[in-house]
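**Q** The sequence isn't on hand, but the structure is:
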């Protein structure tokens with residue numbers, strides 16, 4: 001398209017289209033050799049020179065410097081907002097397409113490009129395209145690390161940590177997540193939405209690694225810091241933004257100011273805190289948890305439930321069913337799990353949560369001595385799980401499935417599930433590997 005290329009290329013193309021020589025374009029104010037250097041990309045014109053050349057070439061200065069007419073730029077800015085709304089509304093494919101169109105059209109508008117790259121990375125994460133999302137986010141993080149006066153390191157690090165957990169790189173998850181949480185602590189923001197989000201990732205990662213003690217400790221720390229009053233957190237974000245600005249962290253300061261505005265306008269702090277409660281409840285519900293801990297978890301889940309919507313509600317109800325089993329109420333757990341599966345049946349793209357709900361239903365049915373019903377649910381889970389990409393996260397689910405098949409009395413299905421767990425973890429199955437399965441939990 002006409003706007004693509006460098007400043008020099010645009011100057012040359014317009015000059016030739018108007019049949020002007022370099023000397024004619026230079027006039028008395030410039031030299032033809034200077035015009036030649038600009039067109040070859042060896043010199044970058046100053047804003048004053050850009051305005052002079054634009055007047056002689058019959059275009060706007062913005063077109064020469066950025067390759068985009070003001071009207072086109074406005075169109076792209078509006079499209080970026082629409083893409084962000086699509087992403088928030090759950091239409092990640094549409095958002096990804098629009099962000100891609102913006103990146104193809106933008107030549108030299110750093111702010112719009114950064115916005116589109118950030119949106120594209122989050123859309124890729126939402127669509128489950130983890131490797132692409134990590135690559136895009138790492139590029140943004142490296143740029144932010146090099147130039148923290150302009151780019152926001154904190155939000156990118158929070159999302160990147162979450163992506164690494166899904167990819168199974170738990171060491172990288174903890175390294176990034178803990179650095180983000182430390183920064184939030186420095187800024188006095190442990191009671192806010194960002195801390196709740198990164199806290200959920202870290203707690204889940206500790207549980208993935210079989211480390212319940214730090215998971216519980218972090219959950220208690222963040223729940224104690226939770227600030228229920230939005231006005232208090234608005235002030236905290238404003239103060240943090242000013243602190244970051246004083247430290248030369250311009251990009252971070254801008255992000256924190258935007259968070260304060262969003263919170264003032266009715267942001268998602270309450271929802272973020274509710275999601276944190278669900279994750280905290282998980283730390284209290286390992287196999288064999290005491291009725292006291294299960295009761296505490298159920299209280300946290302009951303507090304969270306009214307603030308949640310969509311898939312978050314399903315996750316909350318799955319943990320409620322788990323608590324009911326541990327409290328000796330498996331029939332109630334069966335009812336909850338079936339209701340979750342009915343709700344998920346109407347939602348596209350819910351396979352991972354559906355698998356977790358089926359596993360929970362199977363566990364509850366086993367507790368009610370309904371072996372046949374449990375095996376039916378487990379076989380349906382096996383069929384769905386076979387369609388997922390292999391990863392350590394998938395391996396953990398296969399291992400859990402094998403455990404439940406064993407409890408239900410289907411030894412061949414149990415061993416087949418363990419074999420698939422090993423394969424998903426990148427190991428070739430063989431008899432001597434059978435003891436490795438336990439390490440996938």
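**A** Perfect, I can see it now. Note that the coordinates shown come from a computational prediction; the quantities given were computed from them, not determined experimentally.

**Q** okay, now residue 166: neighbour count?
**A** 18 (other Cβ atoms under 10 Å). Any C-beta I mention is one placed from the backbone N, CA and C, and that applies to glycine too.

**Q** right, and residue 47 touches residue 66 too?
**A** No - at 11.9 Å, residue 47 does not count as touching residue 66 under the criterion of Cβ atoms under 8 Å.

**Q** what about the two, which has more around it?
**A** residue 66 (22 against 9).

**Q** With residue 359 as the reference, measure out to residue 248.
**A** 49 Å (Cβ to Cβ, to the nearest Å).

**Q** again, but for residue 99
**A** The gap separating residue 99 from residue 359 is 35 Å, by Cβ to Cβ.

**Q** Looking at those two, which is more packed in?
**A** residue 99 (26 against 22).

**Q** what's the helix or strand for that one?
**A** If you go by DSSP states H and E, residue 99 is part of helix 92-105.

**Q** name the helices or strands packed onto the lengthiest helix in the chain?
**A** In the chain, assigned by DSSP state H, the helix with the most residues is helix 70-88. Contact analysis of helix 70-88 by 3 or more Cβ pairs under 8 Å, 6 or more residues apart in numbering; DSSP states H and E lists helix 61-66, helix 92-105, helix 110-126 as its packing neighbours.

**Q** Quick check: buried residues in the last one?
**A** In other words, helix 110-126. Going by neighbour count (16 or more other Cβ atoms under 10 Å), the buried part of helix 110-126 is 112, 114-126.

**Q** which of the residues you listed lies closest to residue 210?
**A** Nearest to residue 210 among these: residue 125, at 25.6 Å, using Cβ to Cβ.

**Q** Give me the angle between the longest helix of the chain and helix 110-126.
**A** 20 degrees (axes from the mean of the first three to the mean of the last three Cα atoms, to 10 degrees).

**Q** how far off helix 92-105 does helix 70-88 point, in degrees?
**A** Using the same axes, to 10 degrees: helix 70-88 against helix 92-105 is 160 degrees.

**Q** what does the average pLDDT come to for helix 70-88?
**A** Mean pLDDT, helix 70-88: 82.

**Q** Now whichever strand or helix holds residue 37: buried residues?
**A** Residue 37 is part of helix 32-39, with elements assigned from DSSP H and E. Neighbour-count burial for helix 32-39 flags 34-35, 38-39 (criterion: 16+ other Cβ under 10 Å).

**Q** Show me which pair in those is furthest apart.
**A** The widest separation within those (Cβ to Cβ) is 9.8 Å, between 34 and 39.

**Q** Please state the mean pLDDT value computed over the helix holding residue 99.
**A** 91.

**Q** Need the residues that contact that helix.
**A** 1, 3, 68, 72, 76, 79-80, 82-84, 86-87, 112-113, 116-117, 119-120, 123-124, 126-127 (Cβ atoms under 8 Å, 6 or more residues apart in numbering).

**Q** Counting neighbours, what do you get for the nearest residue to residue 371 once chain neighbours are set aside?
**A** Leaving out its chain neighbours, the residue that sits closest to residue 371 by Cβ to Cβ, 6 or more residues apart in numbering is residue 408, at 5.6 Å. Around residue 408 there are 22 other residues, counting by other Cβ under 10 Å.

**Q** Then the one 4 residues further on?
**A** Burial measure for residue 412: 8 neighbouring residues, criterion other Cβ under 10 Å.

**Q** For the helices and strands packed on helix 70-88, give me CSV that also has distance to residue 233.
**A** Converted to CSV, those look like this (distance: least, Cβ to Cβ, whole Å):
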stretch, distance to residue 233
helix 61-66, 37
helix 92-105, 27
helix 110-126, 23
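
**Q** looking at those helices, which is closest to residue 289?
**A** Nearest to residue 289, of the helices and strands packed on helix 70-88 and by Cβ to Cβ, is helix 110-126 at 31.5 Å.

**Q** need the next SSE after the closest one, C-terminal direction.
**A** helix 130-146.

**Q** so what does that following helix touch, helix or strand wise?
**A** Contact here means 3+ Cβ pairs under 8 Å, 6+ apart; on that basis helix 130-146 packs against helix 110-126, helix 153-167.

**Q** closest one to residue 191 among those helices?
**A** So among those, helix 153-167 is nearest, using Cβ to Cβ, at 15.8 Å.

**Q** now the angle between helix 110-126 and the closest one, please.
**A** Using the same axes, to 10 degrees: helix 153-167 against helix 110-126 is 20 degrees.

**Q** Residue 426 sits in which helix or strand?
**A** Per DSSP H and E, there is no helix or strand for residue 426.

**Q** residues in contact with it?
**A** Here residue 426 is in contact with residue 390 (Cβ under 8 Å, 6+ apart).

**Q** Let's see that with 10 Å instead.
**A** 168, 390-392, 395 (Cβ atoms under 10 Å, 6 or more residues apart in numbering).

**Q** Closest to residue 227 out of the residues you listed?
**A** Proximity of the contacts of residue 426 to residue 227 (Cβ to Cβ) peaks at residue 168, which lies at 33.3 Å.

**Q** Okay, that closest one and residue 382: tell me how far apart.
**A** 21 Å.

**Q** Please apply the same query to residue 32.
**A** Counting by Cβ to Cβ - residue 32 and residue 382 are separated by 75 Å.

**Q** Tell me how many other residues crowd residue 22.
**A** Every residue meeting other Cβ under 10 Å relative to residue 22 is counted, giving 18.

**Q** just checking, it touches residue 56?
**A** No - in this structure, residue 22 is not within contact of residue 56 by Cβ atoms under 10 Å, at 11.7 Å.

**Q** shared neighbours of these two, which are they?
**A** Contacts common to residue 22 and residue 56, judged by Cβ under 10 Å, 6+ apart, are 11, 15, 30.

**Q** Contact partners for the second one?
**A** Taking Cβ under 10 Å, 6+ apart as the definition of contact, the neighbours of residue 15 are 21-22, 24-25, 35, 39, 53, 56-57.

**Q** and it, what element?
**A** Per DSSP H and E: helix 7-17 holds residue 15.

**Q** Buried ones in that helix, by neighbour count?
**A** Applying 16+ other Cβ under 10 Å to helix 7-17 flags 7-8, 10-12, 14-15 as buried.

**Q** helices or strands up against the helix or strand just after it?
**A** Next in sequence after helix 7-17, counting helices and strands by DSSP H and E, comes helix 22-26. Here helix 22-26 touches helix 7-17, helix 32-39, helix 47-57, going by 3 or more Cβ pairs under 10 Å, 6 or more residues apart in numbering; DSSP states H and E.
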